[in-house]
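> Have a look; sequence and predicted model below, questions after that.
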Amino acid sequence: MPKTILLADDSLTIRRVVELTFSDTPIRVVTVGTGREAIERFAVLRPDLVIADVVMPDPAGYAVCQVVKASDHPVPVILLAGTFEPFDEGLARACGRTTDW
């Protein structure tokens, strides 16, 4: 069965780039534009990996990570931060983000 990545990012450009990156692989990429959508889709999809933008609406990636890690299906979470976006290492640690990927 192919692996699934759930990508949550409010940037359409980032979503398209990640989709194109994996387009010639057996990895399925499902994209959403908000944290709320990510949380809803996570429960249904049960992906193998979650990638979440730390600065996105409703809620941000840190909260998405916390939900994933507290679920009955915790998977690795990669938090994305843009060049000019703040990244809070303390929040990242507190939510349980993956550090050894």
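Received the coordinates, thanks.

> residues of the strand or helix carrying L91 that come out buried?
Assessed by DSSP states H and E, L91 sits inside helix 89-95. Within helix 89-95, the residues that count as buried by 16 or more other Cβ atoms under 10 Å are 91-92, 95. Bear in mind the C-beta positions are built from the backbone N, C-alpha and C, glycine included.

> Could you export those as JSON lines, including distance to T13 and pLDDT?
Below are these laid out as JSON lines (distance: Cβ to Cβ, whole Å; pLDDT from 0 to 100):
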{"residue": "L91", "distance to T13": "25", "pLDDT": "77"}
{"residue": "A92", "distance to T13": "23", "pLDDT": "76"}
{"residue": "C95", "distance to T13": "25", "pLDDT": "82"}
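
> Nearest to V30 among those?
Nearest to V30 among the buried residues of helix 89-95 is C95, at 20.8 Å by Cβ to Cβ.

> What segments of the protein are strands?
4-8, 28-32, 49-53, 77-80 (DSSP state E).

> All set now, cheers.
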